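Student: Return a 3D structure for these sequence lines:
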Amino acid sequence: MSKSDDEWKYALSPSQYAVLRQHGTERAGTSPLLDEHRDGTFVCAGCGAPLFKSETKYDSGSGWPSFWAAIEGAVATSQDHSAHMVRTEIHCSVCGGHLGHVFPDGPEPTGLRFCMNGIALAFIPIT
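Tutor: Prediction:
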């Protein structure tokens, strides 16, 4: 998916643009998706691509929506050298939007914690 910077600015809220396109981070504890516990799918707020199934969401205590696995092929990774550390950054594999980071301190069965910016996600419940 390819959009110009102006097209992204038009399509996203200023906060979504700051996170998805400028690699920002929302303040911990501010996402309404922290309390989302219905069955459904978490999708990219930028392009609507499915990213995470609700059954992989858990409360990590980090202040951001967390998942122990992404939908196969839904995310891509890159190295993030900001904040004086090296982290694995997670991007939407369709639009390239910045979603958050993945850490090796999650629950079984994967041991991973996909720590996502809630503003970079939308939730589609199963009706």
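
Student: Can you identify each of the helices in this protein by residue range?
Tutor: 5-11, 14-20 (DSSP state H).

Student: Can you tell me which of those helices is most buried?
Tutor: Of those, the one with the most neighbours on average (mean count of other CB atoms under 10 Å) is helix 14-20, at a mean of 19. For glycine as for every other residue, the C-beta is placed from the backbone atoms N, C-alpha and C.

Student: how far out from the middle of the chain is that helix?
Tutor: Averaging C-alpha positions (CA atoms, centre = their mean, to the nearest Å) puts helix 14-20 12 Å from its chain's average.

Student: Any idea how many residues pack against His101?
Tutor: Neighbour count of His101, defined by other CB atoms under 10 Å: 19.

Student: got a list of what it touches?
Tutor: For His101, the contact set (CB atoms under 8 Å, 6 or more residues apart in numbering) comprises 80, 87-90, 115.

Student: and of the helices of the chain, who's closest to Gly111?
Tutor: Closest to Gly111 of the helices of the chain is helix 14-20 (CB to CB; 25.7 Å).
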